[in-house]
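Enquirer: attaching a predicted model along with its sequence, questions to come.
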Amino acid sequence: MLSTIQQIWMWIFDRFILYPLMRWIAPKLGVKFMNLGYVLDENDQKIKQFLERIPEYETNGPEKAHLNLYEKALSLHDSYPTFENLEILEVSCGQANSLKWIQRHHGPKSLIGCDKIVSNSKNLENVIYGDAQNLPFKDNSFDIVLNVEASHLYMDCAKFFEEVHRVLRPNGYFLWLDLRYPNEVEILKRTTSRAGLKLEILNDITGNVICGLHETTVKYDRILKKSPKLIQLLFSNVLRTTYCAPGTQTYNRLVKRERLYLAGKWTKP
Amino acid sequence: MKLLTHNFVSSRFLKDVKGGYPLKLSAQKIETKDVEFNEEFIKNIIPKCDFSALRSACESINEAANLPQTLPENWIENEELLKELHRLLFCIDIIEGELQCPDTARIFPIKQGIPNLLVEDEQK
């Protein structure tokens, strides 16, 4: 019973309190990305080789795990790491720091970000306020639609997948990373298939993400300790649960694989 | 908002709107930035652009003087035109203005360079 109440509270907290709030205050707290992070392993040679050539990557310190997650998503595409002639849309781009990184290092012809709330919005030339379930773009517009750790918060994910299919060009790719409960994996496959998307890759990357959040948690905990005492008192537990800090229930679920972190690639035939 | 972004944006998500493209542009504040000209880049992007939507956007902000009515067949060899297309697509930044749905006349504001295409649930 307590667990159910806790789950409902987390659902409400994530959607209506944490993410809208964080989008506004994250830049002030020095949070550039809001994802759990990823640690590269021996299967990620392509990503490692690419990142070794980028001096800026090493200067990112604790942000590296967040960037790794983006690189993991992009690496699912055959053209990785160069997207010079492609047009990319990132749905739920958050603070748009991912857009800046991708534009600098992967050089797509055009890169647009779309989100309901974009904090730190100064000097952004390629961001639009829009709804993932009603994408404000014409049909057949993009070669890649990118979506990282966001779709579990959407009210209607099936509608989002239909929209992804609509705005993708034929033979375009949908690169997706997110959390799912094991019983939701079949629903994911079914809804994307119904939307007209053809699944090419769906990998379980939970282990790498658990390693990643060991790195990102250190940073988040440090930020939490610097925040006002009232915030710590009211939200410390629920915040640590959201970023899956070791010892929390959400962390344990990942460790027990009661919740999975998946990386998928679909194409629009 | 750059005019390249305008070329992608549509209001077809609105209730009963099938087209919603191109959105009519009006601008109160425009900035022009220097962006390095890359000939190959512009040659790659033009075939994927909707020229007529670009032209109408340029007309609405009085920037279409050097843009032909239609894209000439030899555009790829016309360096002057390529440079103008580069200027229009990448250098012009709409800071304050509006986008209007061509079907419903609904207005979407552009503030601090970011167009807002969010609507209430009953309008989707």
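Expert: Yep, that arrived.
Enquirer: what about residue 118, neighbour count?
Expert: All of this refers to chain A. 20 (other C-beta atoms under 10 Å in any protein chain shown). In short, each C-beta sits where N, CA and C put it, glycine included.
Enquirer: oops, chain B please
Expert: Applying other C-beta under 10 Å, I find that B:Leu118 has 16 neighbouring residues.
Enquirer: distance of it from B:Glu96?
Expert: According to C-beta to C-beta, to the nearest Å, B:Leu118 stands 18 Å off from B:Glu96.
Enquirer: please apply the same query to B:Glu79.
Expert: From B:Glu79 to B:Glu96 the distance is 33 Å (C-beta to C-beta).
Enquirer: how about A:Glu58?
Expert: Following C-beta to C-beta, the distance that separates A:Glu58 from B:Glu96 is 39 Å.
Enquirer: cool, B:Ser56 as well?
Expert: Distance from B:Ser56 to B:Glu96, by C-beta to C-beta: 20 Å.
Enquirer: can I assume A:Leu262 sits in a helix?
Expert: No - assessed with DSSP: H, G, I helix; E, B strand; the rest coil, A:Leu262 is strand; it does not lie in a helix.
Enquirer: got a list of what it touches?
Expert: A:Trp176, A:Leu177, A:Asp178, A:Leu179, A:Arg180, A:Val185, A:Leu188, A:Leu202, A:Asn203, A:Asp204, A:Ile205 (C-beta atoms under 8 Å, 6 or more residues apart in numbering or on different chains).
Enquirer: how does it look with 6 Å?
Expert: A:Arg180 (C-beta atoms under 6 Å, 6 or more residues apart in numbering or on different chains).
Enquirer: test for you: state the pLDDT assigned to it.
Expert: The score at A:Leu262 is 98. That number is its pLDDT.
Enquirer: and A:Gly30, by the same measure?
Expert: 64.
Enquirer: cool, and A:Pro55?
Expert: 88.
Enquirer: what separation do you get for it and A:Arg104?
Expert: 12 Å.
Enquirer: the two: who's more crowded?
Expert: A:Arg104 (10 against 7).
Enquirer: now name the helix or strand holding the nearest residue to the more buried one once chain neighbours are set aside.
Expert: Leaving out its chain neighbours, the residue that sits closest to A:Arg104 by C-beta to C-beta, 6 or more residues apart in numbering or on different chains is A:Glu56, at 7.6 Å. Per DSSP states H and E, A:Glu56 falls inside helix A:55-58.
Enquirer: can you give me the buried ones in the strand or helix carrying A:Ile201?
Expert: Using DSSP H and E, A:Ile201 maps to strand A:198-204. Across strand A:198-204, burial judged by 16 or more other C-beta atoms under 10 Å in any protein chain shown covers A:Leu202.
Enquirer: which residues touch the helix holding A:Glu56?
Expert: So helix A:55-58 is contacted by A:Leu51 (C-beta under 6 Å, 6+ apart).
Enquirer: and the helix or strand of chain B at the bottom of the mean pLDDT ranking, what does it pack onto?
Expert: Averaged element by element with mean pLDDT, DSSP states H and E, chain B has its least confident helix or strand at helix B:39-45 (a mean of 90). In terms of contacts (3 or more C-beta pairs under 6 Å, 6 or more residues apart in numbering or on different chains; DSSP states H and E), helix B:39-45 is packed against helix B:79-86.
Enquirer: show me which residues of the helix it packs on are buried.
Expert: Result for helix B:79-86 [16+ other C-beta under 10 Å]: buried residues B:Leu81, B:Leu82, B:Glu84, B:Leu85, B:His86.
Enquirer: just checking, next helix/strand downstream of that helix?
Expert: strand B:92-100.
Enquirer: what's that following strand in contact with?
Expert: Contacts for strand B:92-100 (C-beta under 6 Å, 6+ apart): A:125, B:1-3, B:23-24, B:26-33, B:107-110, B:113, B:115.
Enquirer: in ChimeraX, select just the buried ones from those residues.
Expert: Command for ChimeraX that selects the buried part of these, burial taken from 16+ other C-beta under 10 Å:
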select /A:125 /B:1,2,3,23,27,108,110,113,115
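Enquirer: among the contacts of strand B:92-100, which ones are in helices?
Expert: Using DSSP state H, the members of the contacts of strand B:92-100 that fall in helices are B:Leu3.
Enquirer: inside strands: which ones of the contacts of strand B:92-100?
Expert: Among the contacts of strand B:92-100, DSSP state E puts B:24, B:26-32, B:107-110, B:115 in strands.
Enquirer: just to revisit the earlier point, B:Asp103: which of the buried residues of helix B:79-86 is nearest?
Expert: Nearest to B:Asp103 among those is B:Leu85, at 27.8 Å by C-beta to C-beta.
Enquirer: tell me the contacts of the closest one?
Expert: Here B:Leu85 is in contact with B:Ile42 (C-beta under 6 Å, 6+ apart).
Enquirer: try 8 Å
Expert: B:Ile42, B:Ile46, B:Leu67.
Enquirer: what mean pLDDT does stretch A:132-148 have?
Expert: 96.
Enquirer: what's the first-to-last distance across that stretch?
Expert: Using C-alpha to C-alpha, to the nearest Å, one end of stretch A:132-148 lies 12 Å from the other.
Enquirer: now swap in stretch A:115-127 and tell me
Expert: Stretch A:115-127: ends 8 Å apart by C-alpha to C-alpha.
Enquirer: please apply the same query to stretch A:162-171.
Expert: The first-to-last residue distance of stretch A:162-171 comes to 15 Å (C-alpha to C-alpha).
Enquirer: flag every buried residue along that stretch.
Expert: Neighbour-count burial for stretch A:162-171 [16+ other C-beta under 10 Å]: A:Glu162, A:Glu163, A:Val164, A:His165, A:Arg166, A:Val167, A:Leu168, A:Arg169.
Enquirer: likewise stretch A:110-118?
Expert: Here stretch A:110-118 shows A:Ser110, A:Leu111, A:Ile112, A:Gly113, A:Cys114, A:Asp115, A:Ile117, A:Val118 as buried, counting by 16+ other C-beta under 10 Å.
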